[in-house]
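Enquirer: predicted coordinates and the sequence they were generated for:
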Amino acid sequence: MQMLVVLSLAGLLIPLWIKRVAGIENEVKFIANNINQELLSGVQRTAALFSPINASTINLARMLKSSLGKNDSRHHSKAESMVASTLFQALWTIPNLRQISYIGLDGFLFAYYTDQGDQPYALYSNSTFSSTQNDTKNYTWYIQPVNRDTGKLYGEAIKSAPSAVVNSSWFQEALKSTNGYASVGTGWANSQDLLLLSTAAIDGGSAASSGYSMKSLIDFLIGQTAFYNGSLYLATKDGNVLTQGIPNTRMILADNKVSFQLLGHDGDRDSAVGSITCQSHDAESIDTTLSIRGRKYVINCSPVEIAGLQLVYVLALPHNGLSSLIHKNIRLAFVLLMLMICGMVITTCTFVYMIVEAARREMYLCGALINQMEATQQSERKSMNKSLAFATASHDVRASLAGITGLIEICRSEVSKREPLQSELLTNLLQMEACTRDLLGILNSILDTSKIEAGKMQLEEEEFDIEQLLEDVVDLYHPVGMKKGVDVILDPYDGSITKCSHVRGDRGKLKQILSNLLSNAVKFTSEGHVTIRAWARKSSLENEILASNQENSMSCLCYLLFKSERAYTESEVVNTIQRDPNHMEFVFEVNDTGKGIPKEKQKSVFENYVQVKETTLGLEGTGLGLGIVQSLVRLMGGEIGIVDKEIGKRGTCFRFNVFFFSTCEPHASTHARTTDIEAISSDSFQHSGSIFRIHSPNTEWSQVILFTQSDKRSNILQSFMQRLGIKVHVVKKHEQLSPILKRIKQKLNLSHHSSSRKSEGSSRSDEHTSRASSTRFKEIPLSTLDGMDNILPSLKKPNVWGGTFAFILIVIDTSRGLFREISRAVAEFRMDLNDKCCCRVVWLDRPDMSNTNFQGVDEDKLPASDLVIKKPFHGSRLYETIRLLPEFGGMPPRTGESSHTVGKFNVRNINTLEASTSYVVGNRKPLMGKKILVADDDLIGRKIAEHVVSQLGANIVSCENGEEAWRLVCRNLINDGTNGAGVSKLSIPFDCILMDCQMPMMDGVEATRRIREVEKRYGVHTPIIALTAHDKGEEMKKMIEVGVDDYVTKPLNRDNFLKAISQLIIKT
Amino acid sequence: MEVDQLQRSFLEYSRLLFHEGFLDGQFSQLQLLQDESNPDFVLEVVSLFFEDSERLLNDLTIALDQQNVDFKKLDAHVHQFKGSSSSIGAQRVKNVCIAFRNLCDEQNAEGCLRCLQQVKQEYLLVKTKLEALLRLEQQIVAAGGAIPMLNEFC
């Protein structure tokens, strides 16, 4: 488009320009012609300027004639002086005059002339012809210099040969004419300069002649006229060329014809060029064109008269000189213009092309973007729909699976009851049950994922004991681990969890997270142990980010840069949680010694459906577990990550943090870790409801001997107990047990007898302890230290029991084998123990191996004070055991005390709901006598509801919409109110209302709201069960807000309804 | 002998219906609800369902015939239809209704029309199946047999 505009512009401009240029050219041609004419006329005019030359000569002649007329010219000398003075005056007054002479026919001659140097000379004849009688021998001319001021002759006169002036043609012609005669000739001077001689007769016998320098005249002529690169030739009529024009050419004039010749370098004649005929100026001047040396010249030849002298001049002007110059310039301009236009066009084309290209690319990109966006939206919508469908289907799928499980269970019990011997069927059923359980697990994980994806996962807040939860989870997986030979250990760590164990949060989800991580850890660990560790802290956001990303701060930076928006919103969520001072951050660590996860896979394990291939061989799973875990952790405002292990250590360590509402005021974790033992031991257990250390601490003689399953567990227990200020001996091998016991006994007895606190034979753990404590007592030389001495300065307080009392707690894991030997060692140790020493033994027994370890040893034979603990030794059992120590409130055992406290720690509450449901179901018509209102617009739904309710024995009132229901309630209330006036407590109109959510006229939400309003006036509360078609939708939220007691999903189902209503009835 | 056969075919037929997804657990619930005090409960409910459905389908057709489809109204109708079909346990009808409602939310008239056809088709299908089932049931009752209970919830 633009291109066309530019081209048409150029197309318009160029002809305009050409036209204009042609006009200019014509004008120039015209002007040039004029100039030529002007030139010619200029030459003529200039030539006319010379006419005074003749006039002045004539005047001179007249003057001489008058001055001579009085005197006789025969008086030679007198005449001579008279003539001389006149001539001298004339010479100096007339311009350009080079020579002036008076010539008599009788041979009298007097002349002045100037030579090159302007030095005037006089030339005169000594006599006349007449006086000498034609004696030519005496007739001589003399040349004498003249004083330029006075005109007097001076110096020596030089003789000069006389010439026949009288006989010369010009003299004769001058005498004949009256107007003077002009001719070209040489002067008196020696130089061969051509002079224009203008001669005028004075009278019959003499004439005055004045000579002008031809050269200066021509110079004047040429100088007067501008020739525009032209050249002027000048010649006399008879062919005497006066000046040549064009360099290196020669003009020859002959018979009115002018011919030009080129000259070679050496001045030789080279070649003829051409000839033209001369015409008079008046005639129509025809310009003849000649080409000389490649240049065209217009030759103009015409006669001219200068001071009466007939001359021919030839003017050679360059052909079209002016116009060709302009022409050349115009052509140059045209070329430049064309170039410019070309350049412009090319530039425009390129520009347009580029713009078009860019526009096309942009269009393409736009199209692609739109497509992409559409695709994205579509896929998002699809995925959303899918997730929603999943979420909605979840309930049904789970219910049916639960049904299957239940049925299998029933079958199993039936089969085992009827045919206990037909074990094949039983095992099949058992396998089926296991299969369904697995299926349920997988299904649950998939459904959880879909729920999370659909954004329907919500936190359910409830109060719970986080410590208890941890213990439960670990207890759950302990047997699983033990089966594989993997010890699952709960690390009490710094006890901060115990302090803040009462929290508010989503118990179920935390349990799910922990279970998932633990089951993974156990699944992928073939030997070693799995440690779970938790602590509470108040932390800032920076801490958290640094902690979770310390190993790859670069990726953190990238994350912040590129996903800053997301990061920002996420951190905002975290912030809001963390700003609340009552929210505590709980950090959990699940550490295993399994195969570990390769570093490059660590990022992807949290993605859904991703499993680390090498490790999953032969292990089932959907790969959803960690994805769900991550989503759940994030839902609770935390973050999960894999902590790098020290080089050389195997396994994986997952760490995550979550935020719970907690009422306790813990120490900052760093404080808790470094503060002295006293502070922890007195504070840390108070909140758990189990108050330790009632008495002032006196662990002087309290010692714990640990002989447990795995070294890791021993270490953890040891460090925990040491933190509490308990002296711990760890026995690594059973061979060591006996010597250690012996040594301790020896020491005890010795120290008791000598009242010395020193114990000489320090075991390895003693050294360990002393090393640990020596950091606090650095100024004391190590060698003087003794483990017993410097555990705590407060140990030296008096004992409650009076005097010193030694308490020894021995914890022995029976699964370490060789029970017989161990028990013998223990028995030996116990045998003659000092009566001031007390010893209690805690036997750890594995639940799955119960009794098998006590081979041959009768349990009853164990001393009464001994404890047998069958569950893993951690958590509450650990605390119970520690509480046995006197400084933590333990009493010395008395004889006759019940020895076996097994299972004491695991009392479970019976689910009251289950009990009540079974009670209701047991009755055939459990709702007998109840009055139930059903509000449902759906005829069929209502019919079913009616039927279900009536089948259960209740009286039914049904209505079609919310308004009716509301009116019914109102009416009944008013009736009741009027009937039972004075009765303070009104009976409720209906025992229960089944309220559909979506109804015409008035929906369930509004109806419920109104009913609740009315009820408020009467101070009653009717249980309302919402009927909903959606599982936990927005609708349900509203219903619950307005005061619905429970809800049942549609279609109404006898069991669901029974469950809901029985719960409600039990409540009321 | 004849009763036995009838019962067996009844069972088979209902199992087929469950298996093919025409009916779901809700229908079995209905069957469970039927007792001596109300021997024609299922029949009543099902015929109620037929009446209701025909009325609703008619309403739907009219609503969709309008120049400017009132999607709110349409949605309400579909919701009702969904409710009644889920009450009866007509699973496939219900599923189509769910899709139908989504289309209503999107205000997709064309899709709604398509869905209406689908719903009609599914309804007719389930109607014939149910009628056949009920006929069998009546035959069993007429032959003096008890209607066998279907315990498998699909």
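Expert: Yes, it's here. Numbering: from 1, shown residues only, chains lettered A, B, ... in the order given.
Enquirer: any idea how far residue A:125 is from residue A:111?
Expert: Separation of residue A:125 from residue A:111 (CB to CB, to the nearest Å): 10 Å. From N, CA and C alone the C-beta is placed, and that goes for glycine too.
Enquirer: what about those two, which has more around it?
Expert: Under the criterion of other CB atoms under 10 Å in any protein chain shown, the comparison of residue A:125 against residue A:111 puts residue A:111 first, with 27 against 24.
Enquirer: so that one makes contact with residue A:99?
Expert: Yes. Counting by CB atoms under 8 Å, residue A:99 is a contact partner of residue A:111 at 6.4 Å.
Enquirer: now list whatever residues contact both of these two.
Expert: A:188, A:209 (CB atoms under 8 Å, 6 or more residues apart in numbering or on different chains).
Enquirer: point me to the helix or strand that includes residue A:274.
Expert: strand A:269-277 (DSSP states H and E).
Enquirer: now the element after that strand, going C-ward?
Expert: Assigned by DSSP H and E, the successor of strand A:269-277 is strand A:288-292.
Enquirer: can you tell me the average pLDDT over that following strand?
Expert: Here strand A:288-292 scores 74 as its mean pLDDT.
Enquirer: what residues of it count as buried?
Expert: A:290, A:292 (16 or more other CB atoms under 10 Å in any protein chain shown).
Enquirer: by mean pLDDT, flag the weakest helix or strand of chain B.
Expert: helix B:25-33 (a mean of 79; mean pLDDT, DSSP states H and E).
Enquirer: do the following helix or strand past that helix and chain A meet at all?
Expert: Per DSSP H and E, the first helix or strand lying C-terminal to helix B:25-33 is helix B:41-65. Yes. Contact of helix B:41-65 with chain A (CB under 8 Å from any CB of the partner chain) involves B:41, B:44-45, B:48-49, B:52.
Enquirer: tell me the one among these nearest to residue A:356.
Expert: Distances from residue A:356 to these, taken as CB to CB, are shortest for residue B:52 (65.0 Å).
Enquirer: circling back to that earlier point, now the least confident helix or strand of chain B against helix B:41-65, angle please.
Expert: 140 degrees (axes from the mean of the first three to the mean of the last three CA atoms, to 10 degrees).
Enquirer: before we move on, the earlier item: can you lay out the residues of helix B:41-65 next to chain A as CSV showing neighbour count?
Expert: Shown next, in CSV, are those (neighbours: other CB atoms under 10 Å in any protein chain shown):
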residue, neighbour count
B:41, 19
B:44, 16
B:45, 24
B:48, 18
B:49, 24
B:52, 20
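Enquirer: what is the nearest of those residues to residue B:126?
Expert: For the residues of helix B:41-65 next to chain A, with residue B:126 as the reference and CB to CB as the criterion, the closest is residue B:49, at 9.2 Å.
Enquirer: for the closest one, which non-adjacent residue is spatially closest?
Expert: residue B:88 (4.6 Å; CB to CB, 6 or more residues apart in numbering or on different chains).
Enquirer: mind checking pLDDT for that neighbour?
Expert: 84.
Enquirer: please apply the same query to residue B:82.
Expert: The model's pLDDT for residue B:82 equals 86.
Enquirer: chain center to the helix or strand hosting residue A:963, what's the gap?
Expert: Taking DSSP H and E as the criterion, residue A:963 maps to helix A:962-979. Relative to its chain's centre, helix A:962-979 lies at 68 Å (CA atoms, centre = their mean, to the nearest Å).
Enquirer: and if you look at stretch A:156-174?
Expert: The answer for stretch A:156-174 is 113 Å, by CA atoms, centre = their mean.
Enquirer: residues making contact with that stretch?
Expert: With contact meaning CB under 8 Å, 6+ apart, stretch A:156-174 is reached by A:103, A:105, A:107, A:109, A:123, A:125, A:139-144, A:180-181, A:183, A:185, A:197, A:199-201, A:207, A:209.
Enquirer: strands - which of those residues land there?
Expert: Mapping these onto strands (DSSP state E) picks out A:103, A:109, A:123, A:125, A:141-144, A:181, A:183, A:185, A:197, A:199-201, A:207, A:209.
Enquirer: can you get me a residue count around residue A:224?
Expert: So residue A:224, with other CB under 10 Å, has 13 neighbours.
Enquirer: contacts only, for it.
Expert: Residue A:224 neighbours (CB under 8 Å, 6+ apart): A:42, A:46, A:49.
Enquirer: re earlier: would you turn the residues of helix B:41-65 next to chain A into CSV with pLDDT?
Expert: As requested, these are arranged in CSV below (pLDDT from 0 to 100):
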residue, pLDDT
B:41, 82
B:44, 84
B:45, 85
B:48, 86
B:49, 88
B:52, 87
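Enquirer: number of nearby residues for residue 47?
Expert: No chain in the question, so chain A it is. 22.
Enquirer: chain B was what I was after
Expert: 14.
Enquirer: for the one 3 residues further on, same thing?
Expert: Neighbourhood size, residue B:50 [other CB under 10 Å]: 16.
Enquirer: then residue A:122?
Expert: 23.
Enquirer: relative to chain B, how far out is it?
Expert: Separation of residue A:122 from chain B (CB to the nearest CB, to the nearest Å): 136 Å.
Enquirer: so that residue sits against residue A:85, correct?
Expert: No. If you go by CB under 8 Å, residue A:122 and residue A:85 don't touch, sitting 11.7 Å apart.
Enquirer: follow-up on the earlier one: of the ones in strands among the contacts of stretch A:156-174, buried ones?
Expert: Here, 16+ other CB under 10 Å leaves A:103, A:109, A:123, A:125, A:141-143, A:181, A:183, A:197, A:199-201, A:207, A:209 buried among the ones in strands among the contacts of stretch A:156-174.
Enquirer: who in chain B is up against chain A?
Expert: B:25-26, B:29-30, B:32-33, B:35, B:38, B:41, B:44-45, B:48-49, B:52, B:76, B:79-80, B:82-84, B:86-89, B:102, B:153-154.
Enquirer: include distance to residue A:1028 when you put the residues of helix B:41-65 next to chain A into a markdown table, please.
Expert: Listed next are the residues of helix B:41-65 next to chain A as a markdown table, based on distance: CB to CB, whole Å:
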| residue | distance to residue A:1028 |
| --- | --- |
| B:41 | 24 |
| B:44 | 25 |
| B:45 | 21 |
| B:48 | 22 |
| B:49 | 20 |
| B:52 | 20 |
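Enquirer: so, low pLDDT: which residues of chain B?
Expert: B:1, B:149-154 (pLDDT under 70).
Enquirer: grab the most central residue of it for me.
Expert: residue B:90 (3.6 Å; CA atoms, centre = their mean).
Enquirer: what bridges to it?
Expert: residue B:23 (DSSP bridges).
Enquirer: thought it was touching residue B:129?
Expert: No. Proximity of residue B:90 to residue B:129 does not meet the contact threshold set by CB under 8 Å, at 9.3 Å.
Enquirer: overlap in contacts of the two?
Expert: Contacts common to residue B:90 and residue B:129, judged by CB under 8 Å, 6+ apart, are B:22-23.
Enquirer: could you pull up the contacting residues of the residue nearest to residue B:49?
Expert: So, once contact is read as CB under 8 Å, 6+ apart, residue B:88 ends up touching A:940, B:26-27, B:30, B:45-46, B:49.
Enquirer: so which of those residues is the most crowded?
Expert: residue B:27 (27 neighbours).
Enquirer: around chain B, which positions in the stretch 951-1068 of chain A sit nearby?
Expert: Residues of the stretch 951-1068 of chain A lying near chain B (CB under 8 Å from any CB): A:951, A:998, A:1000, A:1029, A:1050-1054.
Enquirer: please check the residues you listed and keep the buried ones.
Expert: Using 16+ other CB under 10 Å as the burial test, these include A:951, A:998, A:1029, A:1050-1054 as buried.
Enquirer: so which of the residues you listed belong to strands?
Expert: Short answer: these have none in strands (DSSP E).
Enquirer: farthest pair within the residues you listed?
Expert: A:951 and A:998 (25.3 Å).
Enquirer: in chain A, where's the longest strand?
Expert: In chain A, taking DSSP E as the definition, the longest strand is strand A:295-306.
Enquirer: taking strand A:181-186 as reference, get the angle to that strand.
Expert: 120 degrees.
Enquirer: what's strand A:295-306 in contact with?
Expert: Taking CB under 8 Å, 6+ apart as the rule, strand A:295-306 contacts A:36, A:40, A:43-44, A:47, A:50, A:182, A:196, A:217, A:221, A:231, A:237, A:246, A:258, A:260, A:276-281, A:285, A:287-291, A:310-320.
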